[in-house]
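Novice: no sequence for this one, just the structure:
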């Protein structure tokens, strides 16, 4: 491992100009990529010693961490969140704006994968412990924390089947995972998988996304918006739509729009840099549409809506607004090798959810949700077309969704109990 870390550091040092060039180029589309560059080198003008460190690389990981961060703040802890993408950082700054103004939380870039960058980060924040959301495995992060005496745990963790198969051929990543101080995992099956590769101190704490708060402002705006847009038509929502799926989804939508009960469709691309490209694809498929930015004001009050069949959700932080308008939701990613995205948000609103064939990324809770009948597993495009119609999939009883949610909530309390001994250490 020492040899590998030395080679890893040398590679990062050699490639650092390319990494900086990458950030500069990404900064042309999103200026935040190229801002606060000193943070990536571990330099901070506003330290927050004694903070709890939450690493949430992007938007999805940050959202899953929100209830846990809230619980830490309510306990009186200070928190520093680290991110790689602007979407994750912006969400942390937005959700915790009050705590940032009170000097109780910082949202910063994760340091580059170099020991001296992490040393600067640890000097500034001297974290009591670190929690890495999901399964972000960065060798220097893991062993720099270990060298600094910072207990670093995987949190809300799962070990997907595809990762296990890959790691069996290239066992370096399991060796890095054994460097963590422990793992807080989503299910007993996941605990067994991590234990099999020698990860220490494993506790089953569940899925934090079940405890995510639902913004009342977004759900309250949905009924009037649905009436203005759909006017009695059934509503289908595709969210988030992932690159590589758009053509097959738009083909399915166009076919569905030809039915007698012509639905209204809400289509939400996953990344903001895709908004314009996806708008072009929708137009190329001959589907009449408008963009959320064109027909809603900042309070989500609809302006005069044109006659159309599809709303393009070109905004961030409003997922519950789109989901709350829907009768059923297609969660994207499952028709790509990268795997399906979070199904908990639509279920939390009582909406039946449809996923594609690749569910290794959300094995828990997708397997349980499919077994409970609250999620439809579309293994083929024909399955997808069928699931988009009431005749093809009747959908679950609302009580079934509520029972499923009740059976799988409570991860925040379990996680707080698991880390309580580390919060009191000095």
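Specialist: Thanks, I have the structure now. Nothing here was measured: the structure is a model prediction, and the numbers come from that model.
Novice: how about the residue nearest the centre of the chain, what does it touch?
Specialist: In the chain, the centroid-proximal residue (Cα atoms, centre = their mean) is residue 60; its distance is 1.4 Å. Each residue near residue 60 by Cβ atoms under 8 Å, 6 or more residues apart in numbering is listed here: 341, 342. Placement of C-beta: from N, CA and C, glycine included.
Novice: all strands for the stretch 301-426 of the chain, in order.
Specialist: If DSSP state E, counting those that start in this stretch is used as the criterion, the strands of the stretch 301-426 of the chain fall at 310-312, 328-331, 353-355, 375-377.
Novice: cool, and the chain?
Specialist: 52-55, 79-83, 105-109, 130-133, 152-157, 182-185, 202-204, 235-241, 264-269, 289-291, 310-312, 328-331, 353-355, 375-377 (DSSP state E).
Novice: would you turn those strands into CSV with mean neighbour count and distance to residue 94?
Specialist: Below are these laid out as CSV (neighbours: other Cβ atoms under 10 Å; distance: least, Cβ to Cβ, whole Å):
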stretch, mean neighbour count, distance to residue 94
strand 52-55, 26, 16
strand 79-83, 26, 12
strand 105-109, 24, 9
strand 130-133, 26, 18
strand 152-157, 25, 21
strand 182-185, 26, 26
strand 202-204, 17, 31
strand 235-241, 24, 18
strand 264-269, 26, 18
strand 289-291, 19, 21
strand 310-312, 25, 22
strand 328-331, 26, 23
strand 353-355, 27, 25
strand 375-377, 23, 29
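Novice: including mean pLDDT and distance to residue 252, could these go into JSON lines?
Specialist: As requested, the strands of the chain are arranged in JSON lines below (pLDDT from 0 to 100; distance: least, Cβ to Cβ, whole Å):
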{"stretch": "strand 52-55", "mean pLDDT": "98", "distance to residue 252": "37"}
{"stretch": "strand 79-83", "mean pLDDT": "97", "distance to residue 252": "34"}
{"stretch": "strand 105-109", "mean pLDDT": "97", "distance to residue 252": "38"}
{"stretch": "strand 130-133", "mean pLDDT": "97", "distance to residue 252": "32"}
{"stretch": "strand 152-157", "mean pLDDT": "96", "distance to residue 252": "32"}
{"stretch": "strand 182-185", "mean pLDDT": "97", "distance to residue 252": "35"}
{"stretch": "strand 202-204", "mean pLDDT": "97", "distance to residue 252": "38"}
{"stretch": "strand 235-241", "mean pLDDT": "97", "distance to residue 252": "9"}
{"stretch": "strand 264-269", "mean pLDDT": "97", "distance to residue 252": "10"}
{"stretch": "strand 289-291", "mean pLDDT": "96", "distance to residue 252": "15"}
{"stretch": "strand 310-312", "mean pLDDT": "97", "distance to residue 252": "12"}
{"stretch": "strand 328-331", "mean pLDDT": "98", "distance to residue 252": "9"}
{"stretch": "strand 353-355", "mean pLDDT": "98", "distance to residue 252": "11"}
{"stretch": "strand 375-377", "mean pLDDT": "98", "distance to residue 252": "14"}
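Novice: indicate which one of these is closest to residue 4.
Specialist: strand 152-157 (17.9 Å; Cβ to Cβ).
Novice: give me the sheet partners of the closest one and which way each runs.
Specialist: strand 130-133 (parallel), strand 182-185 (parallel) (DSSP bridges).
Novice: show me how far the worst-scoring helix or strand of the chain on mean pLDDT is from its chain's centre.
Specialist: Using mean pLDDT, DSSP states H and E, helix 161-169 stands out as the lowest-scoring helix or strand of the chain, at a mean of 89. Put simply, helix 161-169 sits 22 Å off its chain's centre (Cα atoms, centre = their mean, to the nearest Å).
Novice: equivalent analysis for stretch 50-69, please.
Specialist: That offset, for stretch 50-69, works out to 10 Å (Cα atoms, centre = their mean).
Novice: one more: stretch 38-53?
Specialist: Worked out by Cα atoms, centre = their mean, stretch 38-53 lies 24 Å from the chain centre.
Novice: what's the first-to-last distance across that stretch?
Specialist: Terminal residues of stretch 38-53 are spaced 18 Å apart (Cα to Cα, to the nearest Å).
Novice: check stretch 26-38 too.
Specialist: Using Cα to Cα, the gap from the first to the last residue of stretch 26-38 comes to 17 Å.
Novice: stretch 87-105 now?
Specialist: 17 Å.
Novice: from the chain's centroid, how far away is it?
Specialist: 17 Å.
Novice: any idea how far the residue nearest to the centre of the chain lies from residue 88?
Specialist: Using Cβ to Cβ, to the nearest Å, one gets 8 Å for the distance from residue 60 to residue 88.
Novice: shared neighbours, these two?
Specialist: Common neighbours of residue 60 and residue 88 (Cβ under 8 Å, 6+ apart) do not exist.
Novice: can you give me the buried ones in stretch 74-90?
Specialist: 77-90 (16 or more other Cβ atoms under 10 Å).
Novice: biggest separation within those residues, which pair?
Specialist: Across the buried residues of stretch 74-90 (Cβ to Cβ), the longest gap, 25.5 Å, separates 77 and 86.
Novice: buried residues, stretch 405-421. List them.
Specialist: 405, 408, 409, 411, 412, 415, 416, 418, 419.
Novice: which ones among the residues you listed lie within helices?
Specialist: Counting by DSSP state H, the buried residues of stretch 405-421 place 405, 408, 411, 412, 415, 416, 418, 419 in helices.
Novice: tabulate these (TSV), appending distance to residue 383.
Specialist: Formatted as TSV, those follow (distance: Cβ to Cβ, whole Å):
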residue	distance to residue 383
405	25
408	25
411	30
412	35
415	35
416	40
418	39
419	41
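Novice: burial of the residue lying closest to residue 314 once chain neighbours are set aside, as a residue count?
Specialist: Among residues not flanking residue 314 along the chain, residue 275 sits closest, at 4.2 Å (Cβ to Cβ, 6 or more residues apart in numbering). Residue 275 has 18 neighbours, counted by other Cβ atoms under 10 Å.
Novice: same question, residue 214
Specialist: Residues near residue 214, counting by other Cβ under 10 Å: 12.
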